[in-house]
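# Have a look at this prediction, sequence included:
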Amino acid sequence: MRKKVIAGNWKMNKVLSEANGFVEEVVIKVPKSDNVEAIVCAPFPYLASLVEKSKGSDVKISAQNMHFEDNGAFTGEVSPVMLKDIGVTHVVLGHSERREYFAETDETVNKKTHAAFNHGLTPIVCVGETLEQREANETMNHVGDQVKNALEGLSNEQVAETIIAYEPIWAIGTGKTASSEDANEVCSHIRNVVKEVSTVETAEKVVIQYGGSVKPANIEELLTQSDIDGALVGGASLEAESFLQLVEAGTK
Ligand SMILES: O=C(CO)COP(=O)(O)O
């Protein structure tokens with residue numbers, strides 16, 4: 001059985017004291033279970049401190065983006081070498097907000113996915129359609145292409161280790177969740193696409209998360225679906241208590 005992976009994406013929120021306080025509380029209270037993994041995706045300035053605070057616990061710390069180069073003249077950027085060096089384990093790549101506001105493309109997501117593996121980081125690759133694409137029945141093609149492009153050139157072992165987050169853009173921060181059946185239909189399509197570009201065994205191992213207005217009240221139903229292996233959560237991951245409830249749902 002695939003593990004459930006619950007990741008809280010704080011986006012551009014919190015000051016240092018709030019970030020530290022959250023992780024201090026979560027490491028004490030996080031449910032001990034082999035069925036679930038808890039990840040906190042925090043802004044760059046807090047990562048080193050949060051890695052220290054989470055040491056020896058079951059909580060993993062993730063970045064929300066990175067550059068694909070190891071170092072160089074890229075003012076304002078952060079490299080995979082830097083993240084690995086401070087003990088970060090995961091990195092969110094290709095979030096729709098980065099695609100929309102910061103010119104992230106399938107090509108840069110693919111380069112970053114390779115860079116993550118080259119430095120021992122686990123990528124959480126985000127894909128998802130706009131409302132217009134959904135209404136034009138383009139969801140499956142669009143999401144399928146995003147997945148294929150992100151995974152291009154990876155070994156089957158690397159594909160198996162990749163976490164894919166399906167986040168329909170119209171459901172992010174809007175309070176509108178995809179119905180669990182609709183979300184599962186796309187997640188199951190993603191698994192089929194992974195199968196096409198790798199092997200059946202690889203596709204069975206890939207963790208596929210759903211994201212978009214996930215909260216304690218709706219996560220359990222989402223996680224009962226066959227191809228939803230976790231959640232990437234924005235708003236409802238900002239309070240420790242709510243994040244802990246989401247992780248708890250993953251243990252069941
Ligand atoms: O974008 C998301 C997580 O990456 C989802 O955000 P919300 O949970 O706030 O809708």
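Yes, it's here.
# Glu100 - how many residues pack around it?
Applying other Cβ atoms under 10 Å, we find 11 residues neighbouring Glu100. Every C-beta, even on glycine, is put in place using the N, C-alpha and C of the backbone.
# Setting the sequence-adjacent residues aside, check what's closest to it.
Ile169 (8.0 Å; Cβ to Cβ, 6 or more residues apart in numbering).
# give the contact list for the one you found.
Ser96, Glu100, Gly128, Glu129, Thr130, Leu131 (Cβ atoms under 8 Å, 6 or more residues apart in numbering).
# Which residue, neighbours along the chain excluded, lies closest to the third one?
With Cβ to Cβ, 6+ apart as the measure, Glu167 is the residue that lies nearest to Gly128, at 4.2 Å, once sequence neighbours are left out.
# pLDDT at the nearest residue to Lys84 once chain neighbours are set aside, what is it?
Distances taken as Cβ to Cβ, 6+ apart place His119 nearest to Lys84, at 4.6 Å, with adjacent residues excluded. Per-residue confidence (pLDDT) for His119: 98.
# for Gly173, same thing?
pLDDT at Gly173 comes out at 87.
# cool, and Gln245?
98.
# is it fair to say it lies in a helix?
Yes: Gln245 forms part of a helix when assessed by DSSP: H, G, I helix; E, B strand; the rest coil.
# now the nearest residue to it once chain neighbours are set aside: how far from Glu239?
Take Gln245 and drop its neighbours on the chain: the residue closest to it by Cβ to Cβ, 6+ apart is Pro216, 4.0 Å away. Using Cβ to Cβ, to the nearest Å, Pro216 is found at 10 Å from Glu239.
# Neighbour count: these two, which is higher?
Remark: of Pro216 and Glu239, Pro216 carries more neighbours, 16 against 13, as counted by other Cβ under 10 Å.
# which parts of the stretch 151-252 of the chain sit against the ligand?
Glu167, Ile172, Gly173, Gly211, Gly212, Ser213, Val214, Leu232, Val233, Gly234, Gly235, Ala236 (Cβ under 6 Å from any ligand atom).
# The ligand: which of the residues you listed is nearest?
Closest approach to the ligand among those (Cβ to the nearest ligand atom): Gly234, at 2.4 Å.
# now that closest one, nearest residue through space, not along the chain?
Gly234's closest residue in space is Asn9 (Cβ to Cβ, 6+ apart), at 5.3 Å.
# now Ile172
Using Cβ to Cβ, 6+ apart, the nearest residue to Ile172 is Gly212, at 5.1 Å.
# any idea of the pLDDT on the one you found?
In this model, Gly212 is scored at 96, pLDDT.
# how distant is the helix or strand containing Ile6 from the center of its chain?
Using DSSP states H and E, Ile6 sits within strand 4-9. Offset of strand 4-9 from its chain centre (Cα atoms, centre = their mean, to the nearest Å): 7 Å.
# Using neighbour counts, pick out the buried residues of whichever helix or strand comes after it.
Per DSSP H and E, the first helix or strand lying C-terminal to strand 4-9 is helix 16-29. Burial within helix 16-29, assessed by neighbour count using 16 or more other Cβ atoms under 10 Å, is assigned to Ala19, Asn20, Phe22, Val23, Val26, Val27.
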